[in-house]
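Visitor: just to be clear, the model below is a prediction. Sequence and coordinates:
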Amino acid sequence: MAREDLSQLLRKFPINPVQYNSDIFNLTFRYLQIDTVETGFYGLILLFYPDNSPAFPAYIRCHCTSVVGGCFSVLVIVTFEAGRHIGRTMEEGSLGFNQILMIAGLVLLTVNGLLSLPLGSFLILWYISILFLDRNGYLERWNCTRVLGIILMIRTNKGKDAADFIARPRRFWRIFGEASIWLCFAVMLFLIFGIAASAISTAVEPARQEVLPATDILFIPGVTSFVPIFWPILALIVAVVVHEYGHGLMARAHGMRIRSFGVLMAGIIPVGAFYEPDQEEMRIAPQRDRLRMFAAGPSVNIVMTYFVVILLAVVSSGLTAKQDGVYAVGIVEGSGADEAGLLPYELISEIDGVSIATGDDLTRILNQHDSGDLITMLVSSNPIHGDVVFREVDVTLTDKKSYYYQLCDGDSQCESNVDGAGIEEGDAFLGVIGIRSADSAARVYGLPISEDLSFSERFVQTAFSPLLFSGVPIQNQGQTMVLEERAFLGAGTGILPSLLGIDVILGLFDFLFWIMWISFLLGVANLIPLIPFDGGHMVRNAGHIIAKRILPKSNPLKIERIADQISGYSSLFVLALVLIPILLPRFF
């Protein structure tokens with residue numbers, strides 16, 4: 001239906017550009033949901049051989065007479081529709097021209113390094129396999145559908161009875177749905193602010209922004225540079241199933257039937273999940289009920305994130321240091337520690353025979369010395385390098401004030417700040433950066449349940465934990481901890497940690513971390529006010545509700561058009577903000 005609507009709409013003269021662009025935009029996404037991704041490759045052919053498509057002039061006229069908003073949507077339609085026409089004229093054999101282009105595209109992605117050789121080869125074999133199964137009727141027999149070319153939609157009726165049972169306390173779910181609306185719109189506002197700030201920062205100084213690698217634009221386990229494949233895949237399955245189940249539960253709580261649940265697979269990689277509602281019941285449902293349903297998925301992910309934060313804190317309490325001591329993340333060049341040969345992540349367990357367990361112990365001992373004093377440290381190599389080797393290191397302490405004055409490089413205000421910090425001439429300086437205790441990698445995750453913090457401090461720590469931990473995989477190249485810090489950890493002395501062992505505890509820790517990280521990312525990212533994300537549907541339904549209240553006596557079709565316009569223009573605006581940090585730095 002969307003295809004016929006587009007064919008008619010694209011040949012109209014845009015008398016009302018605002019309504020025209022709104023219709024174009026909304027039909028674009030309806031169209032893309034039923035099309036296949038193979039035809040997207042025809043955009044390249046269209047650029048070089050525009051005369052191959054008989055409908056090309058009509059699209060160009062439409063493109064030229066629409067304003068910027070409509071231009072984007074029409075450009076997408078040009079690519080897809082032109083590909084459809086070319087594919088029809090050239091597809092003759094059992095393997096169509098569009099399928100050949102799809103395979104060629106995967107080959108190019110592999111050759112250019114965007115896909116690894118094993119992954120690219122596997123995806124090509126996967127694509128050919130599901131093509132064979134689709135054409136021979138096996139997918140239909142197994143209640144599966146090939147969508148977007150390379151993705152397999154696997155449906156199941158399992159889970160429907162459980163959803164009916166869980167959704168029985170309808171009053172509770174309606175209250176939860178109402179709270180979800182406010183939660184999601186609050187997160188959406190912060191998200192828009194962050195996206196706008198990033199776009200403005202990039203637009204002001206595009207040359208200073210780092211170009212985002214193509215492999216990091218989308219979240220793909222094993223492809224994205226900071227996302228490994230094993231635990232993230234399992235965590236992604238959990239997160240997307242919970243997300244879609246949230247939608248399904250809210251639909252059942254409002255009397256809408258569920259046709260099926262399912263998962264979207266690209267080979268062994270889950271790329272999404274879905275639930276299929278009864279379309280007619282969905283269409284006639286009140287806007288407020290639909291708004292609650294769209295808000296349920298992201299809000300369930302966010303709630304699950306905080307539940308897993310607590311579980312992660314509990315698991316981290318089962319980790320302890322194999323040996324007490326402190327280590328330095330970095331060594332100051334030319335300092336006493338540097339000249340003595342101390343290395344980053346070597347464990348300092350004693351100074352002059354006095355045991356060291358925390359950074360405060362180290363500071364207390366150094367405060368008892370002056371610059372020029374000689375101290376003897378007992379240090380051990382990092383376990384990540386193999387067998388632990390102990391050695392004694394003699395360090396001549398240097399002057400702390402001289403070091404900070406050198407950093408000031410003659411800046412009087414900086415030197416004044418050093419004096420104001422109480423640093424005196426002759427204070428001892430070891431020459432290390434980032435002193436941490438041996439169990440610090442695990443202890444930071446246990447702060448939400450730490451007895452050393454007050455209730456208010458634990459609450460704040462829990463509230464901000466997903467944000468604080470969001471950058472961990474990026475900073476650590478896909479690891480949940482710095483590997484040198486992880487090597488210091490062992491199983492705790494409790495019964496359960498002793499039974500499970502360090503490998504099981506660390507595996508459970510990694511699994512919970514990635515569930516927390518992906519669930520939070522999935523919940524927040526789905527609130528981008530851009531169709532087809534949940535946030536885009538929420539904006540459209542909210543616009544419908546607001547327009548109906550402001551214009552209670554207006555024709556329902558007019559209200560519908562206003563909601564479409566709000567949704568269309570907000571989606572275009574947000575899409576532009578998202579694309580600026582991705583595309584603009586590539587031109588400078």
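Guide: That came through, no problem.

Visitor: show me where the chain dips below the pLDDT cut-off.
Guide: 1-97, 113-116, 148, 207, 209, 211-226, 268, 270-272, 586-588 (pLDDT under 70).

Visitor: now do the strands in it.
Guide: 144-147, 151-156, 258-266, 269-277, 319-321, 326-331, 347-351, 354-355, 374-380, 390-396, 398-399, 428-429, 432-437, 489-491 (DSSP state E).

Visitor: which parts of the fifth one are buried?
Guide: The reference is to strand 319-321. Buried residues in strand 319-321, counting neighbours by 16 or more other CB atoms under 10 Å, are found at 319-321. All C-beta spots, glycine's among them, are computed from the backbone N, C-alpha and C.

Visitor: pairing partners for it, with directions?
Guide: Take DSSP bridges as the rule and strand 319-321 pairs in its sheet with strand 489-491 (antiparallel).

Visitor: can you tell me which of the buried residues of strand 319-321 is nearest Glu205?
Guide: Ranked by distance to Glu205 (CB to CB), these are led by Leu319 at 42.1 Å.

Visitor: partner residues bridging that closest one?
Guide: Ala491.

Visitor: OK, contacts around it?
Guide: 439, 442, 489-492, 497, 502, 505-506, 509 (CB atoms under 8 Å, 6 or more residues apart in numbering).

Visitor: picking that back up, and of the buried residues of strand 319-321, the nearest to Asp360?
Guide: Ala321 (15.5 Å).

Visitor: pretty sure that closest one sits against Arg436.
Guide: No. With contacts counted by CB atoms under 8 Å, Ala321 stays clear of Arg436, the gap being 10.7 Å.

Visitor: now distance to Ala235 too, for the strands of the chain, in a markdown table please.
Guide: Converted to a markdown table, these look like this (distance: least, CB to CB, whole Å):
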| stretch | distance to Ala235 |
| --- | --- |
| strand 144-147 | 23 |
| strand 151-156 | 19 |
| strand 258-266 | 14 |
| strand 269-277 | 10 |
| strand 319-321 | 19 |
| strand 326-331 | 28 |
| strand 347-351 | 32 |
| strand 354-355 | 40 |
| strand 374-380 | 34 |
| strand 390-396 | 39 |
| strand 398-399 | 47 |
| strand 428-429 | 44 |
| strand 432-437 | 27 |
| strand 489-491 | 21 |
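
Visitor: what's the closest of those to Trp514?
Guide: With CB to CB as the yardstick, what comes closest out of those is strand 269-277 (13.0 Å).

Visitor: walk me through the domains of this structure.
Guide: Taking automatic domain parsing as the domain assignment, the ranges for the chain are 2-90, 157-315+515-587, 326-437.

Visitor: burial count for the closest residue to Pro466 other than its chain neighbours?
Guide: Nearest non-adjacent residue to Pro466, counting by CB to CB, 6 or more residues apart in numbering: Phe520, 4.3 Å away. When counting by other CB atoms under 10 Å, one arrives at 23 neighbours for Phe520.

Visitor: mind listing what Phe520 touches?
Guide: 301-302, 305, 466, 470.

Visitor: and the nearest residue to Ile528 once chain neighbours are set aside, how far from Gln477?
Guide: Distances taken as CB to CB, 6+ apart put Gly535 closest to Ile528, at 5.0 Å, once the chain neighbours are dropped. Distance of Gly535 to Gln477, given as CB to CB, to the nearest Å: 31 Å.

Visitor: so between these two, which is more surrounded?
Guide: Gly535 (28 against 11).

Visitor: the more buried one and Val574, how far apart?
Guide: 9 Å.

Visitor: which residues do these two both contact?
Guide: 528-529.

Visitor: one step back: the residue nearest to Ile528 against Ile192, yeah?
Guide: No. Using CB under 8 Å, Gly535 makes no contact with Ile192, being 9.3 Å away.
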